[in-house]
Structures are given as C-alpha cells and as structure tokens.
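Undergrad: Got a predicted structure plus its sequence, pasted below:
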Amino acid sequence: MSEITSKTANETPAARSKGARPVQLGVIGTFLARQGILVAFALFMIGFTIANERFLDPDNIMGVIRSSAILGVMALGVTFVVISGNLDLSVGSMMSFATIVVLDLHDKLGPALAIPSMYAMVLCLGAFIGFLVGYLRLNSLIVTLGMLSAIHGLTLTYSGGKNMDIADKEGTWFDVFGQSAVLGIPVPILLFALLASGLGIMLAKTPFGRKVYAVGGNGTAATFSGIRRARVVFTCYLISAFCVATAGLIQASRSLGSQNTVGQGLELEVLAAVILGGASLMGGAGTIFKTVIGVLILGFIQNGLLLVGLQFYAQYVVTWIIIILAVWLDIAAKRGKLWSPIA
Amino acid sequence: MEPGTLSTYLKRGAIWGFIVLELIFFSIAGEFLSLSDKPFMDLDNMLLLFKQSAPIGIIAIGMTLIMINGNIDLSVGAIFAMSAVIFLDSMTWPIFAGLGDAVIPVAWVLALLTGVGLGAINGLIVWKTGVDAFIVTLGAMLGYRGLVFMYNGEQPTSHLNWTLVDFAEAQFLGIHTATWFLLGVTLVLWFIMTRTVHGRNAYAIGDNREAAVNAGIRVGPHFLINFMIIGFLAALSAVVFYAESGSVNPNDGELYELWAITAVVLGGTKLAGGSGSIISTFGGVLAIQLLRKGLGHIGADTETVNLVIGLILIAVLFLDRQLNLKGREALRI
Amino acid sequence: MSEQTPALRLENITKTFPGVKALDDVSFSVLPGEVHALMGENGAGKSTLMKVLGGLHQPDDGQIIVGEQPVRMASPLDAKSKGIVFIHQELSLADELTVAENIYLGELPRKRFGLVDWRRLYAQTNEILKRLNVSFDARALVGDLSIANQQMVEIARALTVDAKAVIFDEPTASLTDAEKVVLFDVISDLKSSGVGIIYISHRMEEIFKITDRISVLRDGAYRGTLETSKTNDEDITQLMIGRTLDLSRNLAHHDVGDVVLKVDNLSCGHLYENVSFEVRHGEVVGFYGLVGAGRTAIAETLFGLREPTAGRIYLDGQPTRIHSPADAIRRGISLVPEDRKAQGLVLGMNCRDNMTLPQVDDLKAGPFVAEGAEIAIFDQYRDRLDIRTPGWRQSVGNLSGGNQQKIVIGKWLSMHPNVLIVDEPTRGIDVGSKSEIHNLIRDLAGLGYAVIVISSEMPEVLHVSDRIVAMFSGKIMRTFTSEEVTEDNLIQAISGLSADKVA
Amino acid sequence: LFAGAAYADTMKIGITQNNVGVDSYQTTYERAFIAAAEANPDVETVVLDAGGDVARQIAQMEDLIQQEVDAIIIWPTNGEAVIPAVRKAHNADIPVIVTNSNIAEQGFDFIKSFSGPDNITQGSRAAEIMCDKFKDMGIDGEAQIVQISGQPGYTTAIERAKGFEDRLPEVCPDVTLVETQPGDWNREKSQRVMEAFLVKYDDIDGVYSGDDNMGVGALNAAKAAGRDGIIFVGATNFAVGYEAMERGEYWGSIYQSPVDDAEAALQTAIDVLNGEDVPFLNYFDTPKITHDNMAEFSKPVF
Ligand SMILES: Nc1ncnc2c1ncn2[C@@H]1O[C@H](COP(=O)(O)OP(=O)(O)OP(=O)(O)O)[C@@H](O)[C@H]1O
Ligand SMILES: Nc1ncnc2c1ncn2[C@@H]1O[C@H](COP(=O)(O)OP(=O)(O)OP(=O)(O)O)[C@@H](O)[C@H]1O
Ligand SMILES: [Mg+2]
Ligand SMILES: [Mg+2]
C-alpha cells in the first residue's frame, strides 16, 4: 500500500466565503415560482374581484371562458407545434379562411356537408405547411409567415373580399357550435374542454406525445432513436390545422357571418398564451394544461381591464408585464435562482 | 478565413440572383402589363427603390445583428412608433418653443434616446432574468405599443415641419436622404460585424452561447448593447421616415418586425444564430421592396400581392435550401 | 513533498444540486509545475469541482485560494483573469468561426476602437498551431474539422495566456495516439514553465505517464492523494471504487454462428469506398483506424442515416436497403452513436424517457405508454450499468458525462438487437464501468448478438474483438483474427502502410 | 386580375387605397372603382393598396408620380402623414383627389378636391337618430349609452366618434355616454367588448358603433345575453345591418354606399382632368336610415 498523504488543504477551519451570494429562492419561493402561472392567475382573479364585484359573476366567468374558447382551441394545436420545436404564425389567417369557407359552403352545400368540406380544406393547408416544415425542413417561422400572407390572399380571392353571411340565420341548426348550451354549459366551452382533455392526454400519455417532446428537445437524437421526425412535425401541423378549423367552426357558428379578417392578429395572441403557459420556444417543454391556464389568464385580463374601465391599451402593458413575470418566475424556479447567471 | 471575403458573398449569393430574376421579370412583364411608358428599370425608379427600402431596411440591418446573436426582436415596430411619437411631439413642447428650427436636432436626439432606452429595457430584461429574447420582445411588442397609445390616446401625433420635409426630400448626388441613411447604417454595421471585437463576439455568442460564456465573454452586457443598437436603429428609421411624413398613427410600424425578419432570413441569416451577413440582409430588403414595387408596377391586385409575397417567401427559402444542400452522401437527419 | 506554496487551493468545497450532493467538503491543491490528476468514478464530482474552480458553479460552502489570496470565482471571465484556464470535457467551440477566433475566443487581440487585430491574431495562432504540430489552418472553420481536431483547438487555448493553472477535463477522450503525444508535449512544456496542471482522465496509462500526484474523489467526497511514482493501478482503483478490479481478466469467447450482416463493396461518396466485411452471430468485430477513417460513416450507413452510393448490405443473407433509423431498428440493428450530446440524448428529458425512446411505440398499455414497464426497463439497466442518478425523473442533462453515456448504452441494449453497433462506447467511462461494458459486450455476443465495436482505443479493440477490421482513409486495409493481430501490425495497417495485404 | 395596359390619349388615373380586404366596404369600393373605370373607354387605372401602412402608401404615391399618371386618387391611411407626398405630386403637376376620408387642412393647397362622405356629419346624424328614438321612447332624460368605435388612429373612426360625441349633448343633453371602447371594425372584437359592457352596466339603453359590422357584433352579444330593448345605431349600413334592421333588432344607421363613393371619386378625377369646375369639398350624400324609412333604400351589396 502506497503512502496516502493527508489532506493537502489547510486544516485550520477556513474563513467561510463572505462574498455576495446569488439570490436563492427559498422553499416557499421555489414552490410559488414553480406554480408561478397559477399564482399569477389567482392574484389576478382576486385583484379584479376587488376592483369590480361583477367580475366573479358566473355569467361573466362563463362569458369570458366562452369567448376565450376560440383562442383557446387554436392555442391547443399551437402547443403541439411549439413543443415540437416549431412555430405557427399562420393560424390567424387560417382561422379566417376556415370561417369564410364554412359560411360560404353552408349556403351552397348545407351545413352537414359544409363542415367536413371545410375541415378537409383546412387540413390540406395544414398538411402543406407540415410538408414544408417537416419533410422539406424549411424554417417554420418563415414558412408560416409566408402562409399568413398567402392564406389571407386565398381567403380574399375565395370571398371576393366580401363579408360572408348565412342567408337564413333563423332556419339553420348551424348555430349549435357557437350559441347553444348543453346542461347550461355553452357548447364552445364544451368543445374547448373536450379538445383540451383529448389533446392533453395525447400529449402526456401516448407514444406520439412522447415523440413530440423528443423531436422538440433534440431532433437529431430523436432521429437516431428511430423516430420519424418529419412525420411527427407533419402531424403536429395537422393537429394545429384541425384545431384552427374547429375554432373557425365555433366562430362562424357564433356569429353566422364574418369578415375576411376575423382571425387577423390572433396568431400572436395565441403564441402569447402558449408562452404564458410555459411552453419553451426552443421546443421540448410545455403542457396542454398550462396552455389552458395561459389562455384563461389572457381572457380574464382582457375582461377584467374592460370591467375596471381601463382603456384597451392598458391591457397591452399589463399583458407585457404578466408574460415576462410569469416566464421569469418559471425559469427562476427551474434554475433555483432569481437572477440569470449569465454574466 | 477573414470574414467578408469574396467567396462568402458568392456562397450567399442566392438573394442577388433572386433580385436579378425579379428585375428581369418585372421589366418584361411591365412591357405588357404596365400602364407606364417608362421601363421598370428606369434610373429614377431604382433610386426610389432604395429610398423606399429605408424604413424597414434600417431596422432589418439591426435585426441582422440581433439574429446573428441568436436572439430576435419583435418589438422594433413598437419602438419605431414610440420614437416617432416623441420625435414629432417634442417639436411642439413649450420648453423648446424659442428654438425655431433648431428644435429639429433636439427632437432627433430625444427620439433616438427613446429608441435606445426602450432597447435597453429589453436588453436588461434578457440579461438579468435570462428569459428568452423572443418572449421578452413579444411582450414588449404589446407593452410598448400600449405606451404609444397611452401617450396620445388613440389620436395620431402630428407635427408637419416643412424644413424637415425639405431635408428629407432632398437628393444629394441624386441620392435621397433616406437612402444615405440606409447606406450609412449598412456600412457601419457591416464594419462592426466584420472588423470589431464586438462584432466577432456577436457571431461567437450566437453560434455557441455556452462556449462564449465559458470563454469569458460577458454575454449579458453584450446583449444589452445589441438591443440598444437595434433600438437606436428603429428610432433612426422612424426619425428618417417621419421627417418626411410628419404624422404618426399609434398603430404605425405594426408588422415591421415580421418584414424585417423576413428580409434578414431572405438574406441567408440563420434564425439559430451564429452566421449571417449585413450585406445579404441589404439584398433581402431590396428583394422584398422590389417585389412590392414590381407587383404594383404590373397592376396586381391585393389578393394576388398577398398570395405571391407569401409563396415567394417560401419559394426563396426552398431554393436556398436546395442550393446549400450537401451532397447525396449527407447524413439523413 | 516540498513545502511549496500551491498555485491554487480549494478548501472544504461543498456543492449540492437538487437531490444530489455533488461535492462534500472537498479540499484539493495544485503546486506550480505539477501535473495533478483528479480521478474518480463517473459522477464522482470531478467536473463539478473544476466548474467551481472555473467560475461556472458557485460553491455552497468552502473557498478558493489562488496564491495566498482567498478569491471568489464569480464567472468564467473572473477565473480566466485570475489565471485559470479550463479545457472542458464537452467541446466548447463556435462552429462557424475560424480556428484562430476560437482559440482566442473572448480575448481577440485588439487595435484601437475595439477593432480586431487580425494580423496579430493569425500570427499568434500560427505559432501555437505549429507548436501543436496540427495539419489544419488558422483560417479553417472549426465546424469543418473532425472531432479530434476540434479537441486540439480546445487544447490550443491553454497556450494563449499566462496561466497559473490549466484544467484538462478528459482531453484525450477523442484523441488518437499521435495527438496524445502532442498533448503530452504541451503539458510538459507548461509544466516546465511552472504552471500547475489539473488532469482528469479515466485512462490509467496516461495517468502514470504524465502525472505527479493523484487525488481521488468518490461519491463527491475527497478520498486521498497518492504520489504517482509510489502507487499502482490497484491502489488507485481501490481508492476510487472501494474494491479492487481484475483488469486483466480474460473475456469469454464463444462459438460463432451464421453470418448476420454482410456488406459487399459498399461505398458512400468520399467517406468510404468498396468496403466489404461480414459479422456473425456471437461475434464481436472491432473497427480500428485513425480519426476520419470512415468507421462512423459505415455505422451510420448501416443504421439508415446515410444512403450508400454503391454496394449492397445483406441481413441474414437477404439483400436489404435500410432507409432510416426506424427501418434499421425494425430490422434489429442498434447504434450507440459517437456524440452522446447531439445524437444520443434529449438532454431536457428525464432518464427513463431517454432510455425507452426507441421502443416507446412498443411499450403500450392500450393507446398509452406503459410507464410501469418503462420504469422496469430503466431500473434493470441502471443496476446493470451502475448508472448514478437520484432517480428516473432526473433530467439527463444533469448527469455526469459518463453516466450520460451509460444511459445511451442502456437505451440500445434494452432493444435486444440482432446487430449492435457501438461507436466509441467507453468514451469518458471510468475504469470500473469500462470493464463492465467490455464484459457486457462479450456477454451479448455469447447470447448470439452480432456486435460491431468502433473504437479509437487500441487496447479496447484488442481486448473485446474476435476479429479486427483496420481502416485507413475510407478503405479497409486488412482484417485480422484475434490470433494474428499484434499492436505493430495493427498500427501498420491503419497508417496505410499495408495496402497490398488486404485480407 | 390585372388592370389594363397603356394606350396613348387616355386618362391614366392612379389610386392608392387604404387597406383593401380589411372589410367588405373597401373591397366593394375597389371593385366598383375598377368597374367604373372599365366602363369608361377614356380611362385607364392603376389600382394600388397600401395595406394600412403609411410608408407603403407614400411609396405608392412616389411610384405613381414616377409612372407619370395623369391624376392620383388617394384614400389616406393617415390624413396628415401623406401631405408631403401629396405635395410632391402637386409639384409634379399631377392633380390629387382625396377620397373617403380627408387629409388635414395643411394639405388642402395641394389637392384639387375631396370626394367622399362627411364623417363628422355622419357622427352627428347618428347622434340625432339615437336622440330622436330616445325622445320617442320618452327616456331621453336618463338614457345611458355606450360607444364602440372603429380602429384606433384611423381618421374615419376618429371623425365619426367626434361628430357623435359633439352632437349628442346638443340634442340630448341628459343622455350620458358612459364608455367608449374600440371594436377595430371587427365584428368579433366588438362582440367581446359588448359582452363586457353588458356585465358591467345593468342599464344600457343605446349602443353607437362606428359601423354596422361592429354594431351587429354588439347586437349578437346583447341577444345572447337576453338583453332586449337596446337601441342600436351604427354607420355605414352593411348588408347584415340592413337585415337586422328589417327584423327590427337594429334601429338606425347611415346609408353610405361604397359604389357611390368610388364612382364619385373617379368622376371627380375625370372632371378635374377635363378642366371642369369641381367643388373643393365634394361630399356625396349619406342619409339617415332607420327601421322606419328603410324601404326607401335598396339593400347594400356588401
Ligand atoms: N447541473 C446539475 N444539476 C444536477 N445535478 C448535477 C448537475 N451537474 C452535475 N450533477 C451531478 O453531480 C454529480 C457529479 O457530476 P460530475 O459531472 O462532477 O461528475 P464527474 O466526476 O465529472 O463524472 P464523469 O467522469 O462521468 O465526467 C453527478 O451525480 C451529477 O449527476
Ligand atoms: N470533411 C468533413 N466535414 C464535415 N464532417 C465530416 C467530414 N468528414 C467526416 N465528417 C463527419 O465526421 C464523422 C466521422 O467521420 P468518419 O466516419 O469519416 O470518421 P471515423 O473513422 O468514425 O473517425 P472518428 O469518429 O474517430 O472521428 C461523420 O459523421 C462525418 O459526417
Ligand atoms: Mg466529468
Ligand atoms: Mg467515429
């Protein structure tokens, strides 16, 4: 046995380092931050309730959820796309397209045929994007930006730029998706809930969901593990298109008429909701549940500020602050430090 | 490789080839379809092209720097509007009442400071919180826009100063004022990116942020500076543009971020960061403006313009991919 | 030991991560002009200790003393300014920049106004490259270099500043022998100019060749320091793993069966040409060659990642075309890839999900993933490969380098392949686990698997293979049986000296 | 798809529109304009769309000047920002006609004529419709109304709101306008805004919206919430508004036809080029339309 020298370090108890430590989150801090989005949500609800007692009125709550449903349904699909490591900026434009098409076909083919035809057309658009991003590996930001513009052009060509209205608004059952209620719950909320739970389970529990996370987390490693990356990305865009078509259906059914720009600008709201929910734009992280919370937060901010009587632009500023705080707390909890360690 | 050699430009040449194609197409199509007796490639028309490229061009040049850095800035449209509001409004502030036209440079400085300040806020948040720039600036896109609206309700902010207009409309050596600014900004940024330590660090950080941190580059302050630069450029763009128009709607500059990003990507800069060139972005800006101008020239209607611009964007991306495709033996991942 | 002032001292360092006590009251010092090895099993805390020293982690407790002064290493920049150079375990380079820019990353020579002094940059870089005796140019893009050359760029950084101490964290993991020689020259240069060197490696022969003292960590705790000249393999492993290992144990050899995989005149562009070989059930075939010899490219082709430009692949006698990894997996081929970070793992995912990723479609309970079955698989391979992790929920990115590698190996073993291809399987793996993996490879062969081992470590190839294919510059130079192979004729073959003797 | 090719001796008229496709008014305007131009053998047109972007509109003005058209019609995205560009055309001896919403007074020296509706008057007329109805109902002493305005920042939105807000206290001093929020010319947005109003205010007697599209959105919200008896008054009578009016759910609006608007603008330009005298402010009439008198008007085509 060779000689083992004693510890080389100075044996005297060394002065503990006194230098400033980075701010560490305590146990409670970490818990709060990890549930940052829920805490923010709760604070909001409390704040608005104090500011305006009508805020918690069941009718109001129901109303907010109902009008968030359209945005929400779209956000569900975009969550898949974002987790798989891509973006979809075309959902707003595509939703306008879906709405206009289903309204137009309603009068031409009748609702029973109009709805599947519209779904088919929107899924084709989704498949086209999925093909470009998944199989041809084109950059999703630019592809969907291009599609935002192109689909808008397509919608205008389709409608001739005119508003689309159902001729016989009283005599159609088409309004069930947007205006009726089952057991007192508005159908848009039911559809949203149904899709959210279906897609939520799909993402969290099925092999496909696992692959979405893998492809978004590290596409190369996913390929090396035998995952057909292109197919996964393609499917995510199909899911997104399906959600968009559903949103268009609710929208069309809700107002039985629409203009060409009904979905304009929604893409960024949708993205904001998905990010608020904690999905990472790098891909690989996020959940449907959190996206739903993100959607509700946006909806309640809008509604709450309106009730309080603040101008609509105050909502912009508040959304800004909320987004940054929520995401910040979320990552602070993950790294266990409030401030970023980057120099 | 010393950055900026001829071979790199040739490799990134797709955008210039595309510009040539556009010129040829619109010249020929213009013969048949245009109302104008003048050819598309008329000198004046081309000079106008440069001038009209300036508002988005100046921003896109800054966006290149941000994107090489591996970040993105979605708030430039809102910064553009906010700087414009300050620029036009400050000329009417009572404290400057005695200045006469000397108020102009003061307003310029204030507007540019606004841009730098808003950029700095983004930069600080990115630096201190570690939240991804996409998210920070997506939030700021809304937040700053809210500030613009708050400033003047929903009314446009206006101040038409004819001295300014004359300055903006002037042509020095036949080249418009706005073009001079665009060229100047392009040159300066090109120089920064290829010749200075800051510029080279920008590439390094975008390429491999962890490596840059490990090597002791102070990534946080670096980001801060770059966000201040793009804030400055967004403000400069506003200052140059609103000198000539004198009135800003609170929603002006919306979607500018997307057009700027489009120009940058058309120029071949990768969204992932680490590579890209200022000169190619300049090409990307010209290509987009040329497309708009050309489609107007041949009388395409709104839906066609939307459709064509969207599809061209995708087509260019596709071509670029095909051109840069590695050989058949490449790894299939 | 003389009573010199250490170049730097780490005192009573403690560092915890959520669920892991990575360092527990560790003290350690380096003298000027000393090469001090830091050893320990995978996950013992070596890299973490060095990251504390390099300013990448802040210790929970303890202090760092440089010269006589206690200092705080707030950031890598801070560490650098205090004369500490850190050559990382994982490559830390910017692909799109030139070799020179990478070497001087963070400290490009300046002229006035923050301009880069290109002339000085290239002059200095050329000097360093000359000293390292490498073949690439200062202006080459790092992304175009092979991994080994990239590692040399990383090493070149040690020569740019006047360092007090240089940390090498497993620098030789992807170097070949020729480059190792250069590295050791560099180290001895640094040493003679009074720099203290901390050297982390799992390779005993290197440790004995170049180090003066050896400090050992186990499970985050300091275990003692040995003088290299007065110790031996057994004592070190004893200290590292708490028991002795019989490294010279003979591996089991089995009867080989029918040909599983046959490759006939396969070519893929310039990567490799006219490659023919076969692998039988129960056989381990080693592929040995210099960096860039084309071994990885062959593996990638067999795994459906590359399209061959000519030639055929036969599986069980049937001509086969493999279109994608999914295809390959379906046909019973597994590949443990060369680059675990980029190709092997989804770093943000937890250990269990990473391990079962290729079979997630098969592990189903109804339409859902059968998580219980997944956990069972994970547990099985964690025990078998001795993977150190607080649990399956830990995200793989937080594991030590060696443990990450084990996850990748476990992932592919659990697929029970017919043909298992392992590319540099023990890169960064500690001695104990390494021999465990070698045994495992032999055992698999015993079970009838056909195994291809690609390795740049000659002892490894010699140790585990039944036959050895020697490659040089995209061509197979010769195939040896384990009886005929010697170190000499193998080296000859892979240097292209025996082209006429193709077997 | 493409406007016609060039011939000598015809009038070349260029138009740069605000934002075609954002609503069917502008689209119908564009089609009517092209149709009117095609019907006239002496006229050739270049039709451009600024997409709501001032910078693009200024560029289009420059392009039209550069193409040496004979006259330019502009539908300003911003009534002040385009003045320098208009001056440029003026300096190049190209007559400029402003359509739909006027430019600011500083620019009046550089234009030949404005052709379009009088948005301020429209706003005040809407106030009068609302007030008259309240008087009929006998609630003009206490009625509360809310306003849903158009896209913030656009002249038309601002002028209509101004006309309404200025006129209302003159005719009905005791009616209170409790809140204004923008609906961005968007039916769905307006529906959401109205939903919040309905929760917030128990007593809403009237809704003024910047156009009928938004008005119908608000109406849908009220119907869904089961709140009857609200008086809806809008502007720019869209087909949906007309139908709702037929059903008696929507009270009144301002009848404004994009076809009239487009034809008036083209005719003004032609008159100017023919050297005829045109009034400087060439308003076309936009009468009040209510449930009572709607039989006098044909259903809008847009
Ligand atoms: N960022 C982190 N978060 C959580 N745990 C970590 C983190 N970094 C390291 N660890 C854990 O700390 C322990 C020590 O890891 P370290 O990388 O220092 O090991 P090592 O001795 O370098 O091993 P190897 O030889 O495999 O490189 C491991 O158990 C590892 O899982
Ligand atoms: N000139 C090159 N440029 C970029 N990548 C290359 C080049 N040559 C080889 N590679 C990549 O490097 C990897 C290894 O190459 P190859 O199979 O030729 O070498 P090898 O014998 O496995 O050597 P090692 O893995 O030890 O470096 C392959 O994935 C290949 O794509
Ligand atoms: Mg390590
Ligand atoms: Mg290899």
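TA: Nice, thanks for sending it over. Ligands and ions are numbered 1, 2, ... in the order given.
Undergrad: what's the burial count for the closest residue to ligand 2 within chain B?
TA: Residue of chain B nearest ligand 2, by CB to the nearest ligand atom: B:Leu331 (5.7 Å). (Each C-beta comes from the backbone N, C-alpha and C, glycine too.) Neighbour count for B:Leu331, taken as other CB atoms under 10 Å in any protein chain shown: 14.
Undergrad: Grab the nearest non-local neighbour of it.
TA: C:Leu305 (5.5 Å; CB to CB, 6 or more residues apart in numbering or on different chains).
Undergrad: how about the one you found, secondary structure?
TA: Reduced to three states with DSSP: H, G, I helix; E, B strand; the rest coil, the structure at C:Leu305 is coil.
Undergrad: okay, and for the stretch 1-150 of chain A, where does confidence drop off?
TA: Judged by pLDDT under 70, the stretch 1-150 of chain A has its weakly predicted residues at A:1-36.
Undergrad: in it, what residue is nearest chain B?
TA: When distances are taken as CB to the nearest CB, the stretch 1-150 of chain A reaches nearest to chain B at A:Ala150, 2.9 Å away.
Undergrad: State the distance from that residue to A:Leu238.
TA: As judged by CB to CB, to the nearest Å, A:Ala150 and A:Leu238 stand 18 Å apart.
Undergrad: neighbour-wise, which of the two wins?
TA: Using other CB under 10 Å as the criterion, A:Ala150 and A:Leu238 rank with A:Ala150 on top: 24 against 20.
Undergrad: so the more buried one is in which element?
TA: Using DSSP states H and E, A:Ala150 sits in helix A:140-159.
Undergrad: Now for the residue nearest to the spatial centre of chain A: which residues touch it?
TA: Closest to where the C-alpha atoms of chain A average out (CA atoms, centre = their mean) is A:Ala75, at 2.8 Å. If you count contacts by CB atoms under 8 Å, 6 or more residues apart in numbering or on different chains, A:Ala75 has them with A:270, A:273-274, A:277, A:291-292, A:294-295.
Undergrad: Name every strand pairing with the helix or strand containing C:Gly62 and say which way it goes.
TA: Assessed by DSSP H and E, C:Gly62 sits inside strand C:61-66. Applying DSSP bridges to the sheet, strand C:61-66 is found paired with strand C:8-17 (antiparallel), strand C:69-71 (antiparallel).
Undergrad: Put together JSON lines for these, with mean neighbour count on each row.
TA: As requested, those are exported to JSON lines (neighbours: other CB atoms under 10 Å in any protein chain shown):
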{"stretch": "strand C:8-17", "mean neighbour count": "21"}
{"stretch": "strand C:69-71", "mean neighbour count": "14"}
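Undergrad: Look at C:Phe368 and report its pLDDT.
TA: Note on C:Phe368: pLDDT of 92.
Undergrad: what's the offset of stretch C:94-110 from the middle of its chain?
TA: In this view, stretch C:94-110 has its centroid 24 Å away from the chain centroid, taken as CA atoms, centre = their mean, to the nearest Å.
Undergrad: List the contacts of the strand holding C:Gly62.
TA: For strand C:61-66, the surrounding residues in contact (CB under 8 Å, 6+ apart) are A:14-17, C:6-14, C:25-27, C:52-53, C:70-73, C:82-84, C:164.
Undergrad: Quick check: chain neighbours aside, which residue is closest to C:Asp162?
TA: C:Gly83 (6.9 Å).
Undergrad: How about the residues of the stretch 1-150 of chain C by chain B?
TA: By the criterion of CB under 8 Å from any CB of the partner chain, the positions of the stretch 1-150 of chain C lying close to chain B are C:54, C:56, C:75-77, C:79-81, C:86, C:88, C:92-98, C:101, C:105-108, C:110, C:113-116, C:118, C:139-141.
Undergrad: that older thread, what packs against the helix or strand just after the helix holding A:Ala150?
TA: Going down the chain from helix A:140-159, the next helix or strand is strand A:164-165, by DSSP H and E. When contacts are defined as 3 or more CB pairs under 8 Å, 6 or more residues apart in numbering or on different chains; DSSP states H and E, strand A:164-165 packs onto helix A:91-109, strand A:257-258, helix D:239-246.
Undergrad: which of the ones you listed is buried the deepest?
TA: Of all those, strand A:257-258 has the most neighbours on average by mean count of other CB atoms under 10 Å in any protein chain shown, namely a mean of 27.
Undergrad: Return the residues in contact with the residue lying closest to A:Asp59 once chain neighbours are set aside.
TA: Once flanking residues are discounted, A:Asp59 sits nearest to D:Val199: 6.7 Å by CB to CB, 6+ apart. By CB under 8 Å, 6+ apart, the contact set of D:Val199 is A:54, A:57, A:59-60, A:63, A:307.
Undergrad: Could you check how many residues crowd around the residue nearest to C:Ile13 when sequence neighbours are not counted?
TA: The shortest distance from C:Ile13 to any non-neighbouring residue, by CB to CB, 6+ apart, is to C:Gly62 (3.7 Å). For C:Gly62, the count of nearby residues is 20 (other CB under 10 Å).
Undergrad: just checking, B:Gly268 touches B:Ser277?
TA: Yes. In this structure, B:Gly268 is within contact of B:Ser277 by CB atoms under 8 Å, at 7.0 Å.
Undergrad: And the helices in the stretch 201-333 of chain B, which stretches?
TA: Ranges of helices within the stretch 201-333 of chain B are B:209-214, B:219-245, B:256-266, B:278-297, B:302-323, based on DSSP state H, counting those that start in this stretch.
Undergrad: any weak-confidence spans in chain D?
TA: D:1-9, D:153.
Undergrad: how about the longest helix anywhere in it: buried residues?
TA: Ranked by number of residues, the top helix in chain D under DSSP state H is helix D:119-137. By neighbour count with 16 or more other CB atoms under 10 Å in any protein chain shown, helix D:119-137 contains the buried residues D:119-134.
Undergrad: And the strands in the chain, which stretches?
TA: Looking at chain A here, since you left the chain open. A:4-5, A:164-165, A:181-182, A:185-186, A:257-258 (DSSP state E).
Undergrad: wrong chain, I was asking about chain B
TA: Per DSSP E, chain B carries strands over the ranges B:152-154, B:157-158, B:171-172, B:175-176, B:247-248.
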